[in-house]
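S.K.: the following block contains a protein sequence and its predicted model.
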Amino acid sequence: AQKVTQAQTEISVVEKEDVTLDCVYETRDTTYYLFWYKQPPSGELVFLIRRNSFDEQNEISGRYSWNFQKSTSSFNFTITASQVVDSAVYFCALRDDKIIFGKGTRLHILP
Amino acid sequence: DSGVTQTPKHLITATGQRVTLRCSPRSGDLSVYWYQQSLDQGLQFLIQYYNGEERAKGNILERFSAQQFPDLHSELNLSSLELGDSALYFCASSLNTGDFTEAFFGQGTRLTVV
């Protein structure tokens, strides 16, 4: 069965610090997709990134970077030089035919 | 703005009642997904429709039902409501089921059962 584990339920860091959000997944499929979504206090779910199981290249987008390691079934998300606006709940998700979400990590960026 | 529209944004109703949540997917998207987000259960997948047909079912109660219409909008019907059904209900859409594209979410309907 597919499963996504985000072991960190809540993290607090001071602004400008770097922070890494962990995601570990389980699937028997050889083809799958992984996602990260952000849920700010306003409540909407915002898509951040998609990664397919055949592409282990890490990706950087501004202050955001993602580290996909198939060998450890992990898809970690790092925010560099964090800002208060990064405060949100972040969800990692796995897709085969439906999208399964982890329970999320609540990130507090303290000014 | 994700392009997915959900109405209403907020809904307060009494136990035992029935409500209908509506979702309009992004233009061109054929798949619609429904999720329930509660504090203790996180984001739970309920059901998926693709081009009018049910495609996958998750943890959806028998009191709940959904459908996708020919114009691709979808409705989630919740009946015999209980206090525990209070949650944020999200609709999401994606292009189709075959290419594993990301799903874009609406802003959700917050349901409060009193």
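M.R.: Arrived safely, thanks for sending. Treat the numbers as computed from the prediction; the structure is a model and nothing was measured.
S.K.: which elements pack onto the helix or strand of chain A with the lowest mean pLDDT?
M.R.: Lowest on mean pLDDT, DSSP states H and E among the helices and strands of chain A sits strand A:59-61, with a mean of 86. Strand A:59-61 makes packing contacts with strand A:46-52, strand A:64-69 when contacts are defined by 3 or more CB pairs under 8 Å, 6 or more residues apart in numbering or on different chains; DSSP states H and E. Every residue, glycine included, has its C-beta placed from N, CA and C.
S.K.: what residues sit buried inside that strand?
M.R.: Of the residues in strand A:59-61, none is buried under the neighbour-count criterion (16 or more other CB atoms under 10 Å in any protein chain shown).
S.K.: stretch A:2-17 now?
M.R.: For stretch A:2-17, the neighbour count (16+ other CB under 10 Å) marks A:2, A:4, A:6, A:11, A:13 as buried.
S.K.: give me the nearest residue to the residue nearest to the spatial centre of chain B, chain neighbours excluded.
M.R.: What sits nearest the mean C-alpha location of chain B, by CA atoms, centre = their mean, is residue B:34, with 3.1 Å. Distances taken as CB to CB, 6 or more residues apart in numbering or on different chains put residue B:46 closest to residue B:34, at 4.2 Å, once the chain neighbours are dropped.
S.K.: ok, the one you found touching residue B:56?
M.R.: No - under the criterion of CB atoms under 8 Å, residue B:46 makes no contact with residue B:56, lying 9.8 Å away.
S.K.: could you pull out the strands for chain B?
M.R.: In chain order, chain B shows strands spanning B:5-7, B:10-13, B:19-24, B:31-38, B:42-50, B:53-57, B:64-68, B:74-78, B:87-94, B:104-105, B:109-113, with DSSP state E as the criterion.
S.K.: an error on my part: the question was meant for chain A.
M.R.: Using DSSP E, the strands assigned to chain A run over residues A:3-5, A:10-14, A:19-21, A:24-26, A:33-39, A:46-52, A:59-61, A:64-69, A:74-79, A:88-95, A:99-101, A:105-110.
S.K.: most tightly surrounded among those?
M.R.: Between the strands of chain A, strand A:88-95 has the highest mean count of neighbours, a mean of 24, where neighbours are mean count of other CB atoms under 10 Å in any protein chain shown.
S.K.: ok so, going back, what's the closest of the buried residues of stretch A:2-17 to residue B:39?
M.R.: Comparing the buried residues of stretch A:2-17 against residue B:39 with CB to CB picks out residue A:6 as the nearest, at 15.7 Å.
S.K.: number of residues surrounding the closest residue to that closest one other than its chain neighbours?
M.R.: For residue A:6, the nearest residue in space outside its immediate sequence neighbours is residue A:102; the separation is 3.8 Å by CB to CB, 6+ apart. Counted with other CB atoms under 10 Å in any protein chain shown, the burial measure for residue A:102 works out to 24 neighbours.
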